[in-house]
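Participant: Coordinates for the following, if possible.
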Amino acid sequence: MQNQSFITEFVFLGLSQNPTVQKIVFVVFLLVYIATIGGNMVIVVTILCSPALLGSPMYFFLAFLSFLDACFSSAFAPKMIVDLLYVRKTISYKGCMIQLFAEHFFGGAEVIVLTSMAYDRYVAICKPLHYSSIMNWRLCGILVGVAWTGGFLHSIIQILFTFQLPFCGPNVIDHFLCDLYPLLELACTDTHIFGLFVVANSGFICIIIFTMLLVSYGVILFSLRTHSAEGRRKALSTCGSHIAVVVLFFVPCIFTYARPPSAFSFDKMVAIFYTMLSPLLNPLIYTFRNMEMKNAMRKVWKRLVVVSDEK
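Facilitator: Below you'll find the model as predicted:
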């Protein structure tokens, strides 16, 4: 079946039609985006410039996760922020497909990275004597490759199906970004089967992986009974951060995709959470109680200050 789309562009309704509200949201979102990119890039640079951290699989995955968060946020935020300055918010058909691809590509890769981080913590806490032999650099490289490949396959499947949808009538999307369900509402055909496919390909995958991650962290926490008080404290601190990030990522994902297509008024609020707030909060969660990261950041900062003074 060939694509029968006659629509060359879509029009976003955005978050609000009120000019005053749009100006306030513009300032807030711009600050949030700058903080998101800044925070995640600080983590990436700190880990890359700290051999002790880069030599640890946990921090290697954390740097990768921060990079993905910066990319994920950049797929929407710049367009979303600029749109707040315009009365008519449009995106080309091609631009909409690119946005859709980027969301699911980086989101799919992030799911696999979070799973890899959970496995890393499981091996570190439950099999400490075998940690270095199991979590070697070959496995880390394979897991990163799996993340990129998995994200690409998940995304390309969504895009190929979306390309089959004919858009020949209304082109107004009641949202601030291109996503699967808002597009389904505009298609000039019965989208019931495609809606079920989205639930299966995105929603159920999120539920299954989220459940697996919670079970794995449950096993990790249960195994801490045999550890010393100091070991327990350190492991709980690390796992607490990981669990918080997993919940922040998966709960909005499950709410958005693990249900039949229907318009909820707070869908846009949930979308703000996973497109803007989750990538912003991840670096804060991982560094707030992590002394190793804080010390590494201080060292990198001192090194930069010394270099700038020498110039």
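
Participant: Spell out which helix or strand contains L85, please.
Facilitator: Using DSSP states H and E, L85 sits within no helix or strand.

Participant: And what about the residue nearest to it when sequence neighbours are not counted, helix, strand or coil?
Facilitator: Nearest non-adjacent residue to L85, counting by Cβ to Cβ, 6 or more residues apart in numbering: F26, 6.5 Å away. In this view, the C-beta of every residue, glycine as well, is placed from N, C-alpha and C. Secondary structure, DSSP: H, G, I helix; E, B strand; the rest coil: F26 is helix.

Participant: Let me see the contact set for F26.
Facilitator: The contact partners of F26, taken as Cβ atoms under 8 Å, 6 or more residues apart in numbering, are I81, L84, L85.

Participant: Then V146?
Facilitator: By Cβ under 8 Å, 6+ apart, the contact set of V146 is I112.

Participant: element containing it?
Facilitator: With DSSP H and E as the criterion, the answer for V146 is helix 137-163.

Participant: May I see the buried residues of that helix?
Facilitator: By neighbour count with 16 or more other Cβ atoms under 10 Å, helix 137-163 contains the buried residues L139, C140, L143, V144, A147, W148, G150, G151, H154, S155, Q158, T162.

Participant: doesn't S116 make contact with the fifth one?
Facilitator: When you say that, I think you mean A147. Yes - with contacts counted by Cβ atoms under 8 Å, A147 reaches S116, the gap being 7.1 Å.

Participant: and the nearest residue to F61 once chain neighbours are set aside, how many neighbours?
Facilitator: Computed as Cβ to Cβ, 6+ apart, the closest residue to F61 that is not its neighbour in sequence is M117, at 4.8 Å. Using other Cβ atoms under 10 Å, M117 has 24 other residues around it.

Participant: in whichever strand or helix holds M117, what counts as buried?
Facilitator: Assessed by DSSP H and E, M117 sits inside helix 93-126. For helix 93-126, a neighbour-count test (16+ other Cβ under 10 Å) marks 93, 96-97, 99-126 as buried.

Participant: got the buried residues for the least confident helix or strand in the chain by mean pLDDT?
Facilitator: In the chain, no helix or strand scores lower on mean pLDDT, DSSP states H and E than helix 291-310, which sits at a mean of 78. For helix 291-310, a neighbour-count test (16+ other Cβ under 10 Å) marks M293, A296, M297, V300 as buried.

Participant: any idea how far F26 is from D83?
Facilitator: Applying Cβ to Cβ, to the nearest Å, the value for F26 to D83 is 9 Å.

Participant: Look up how far H242 lies from the closest residue in space to M212 that isn't next to it in sequence.
Facilitator: Computed as Cβ to Cβ, 6+ apart, the closest residue to M212 that is not its neighbour in sequence is T115, at 7.5 Å. Using Cβ to Cβ, one obtains 11 Å as the distance from T115 to H242.

Participant: quick revisit: list the pairing partners of the helix or strand just after the helix holding V146 within its sheet, with orientation.
Facilitator: Per DSSP H and E, the first helix or strand lying C-terminal to helix 137-163 is strand 172-173. As defined by DSSP bridges, the strand partners of strand 172-173 come to strand 9-12 (parallel).
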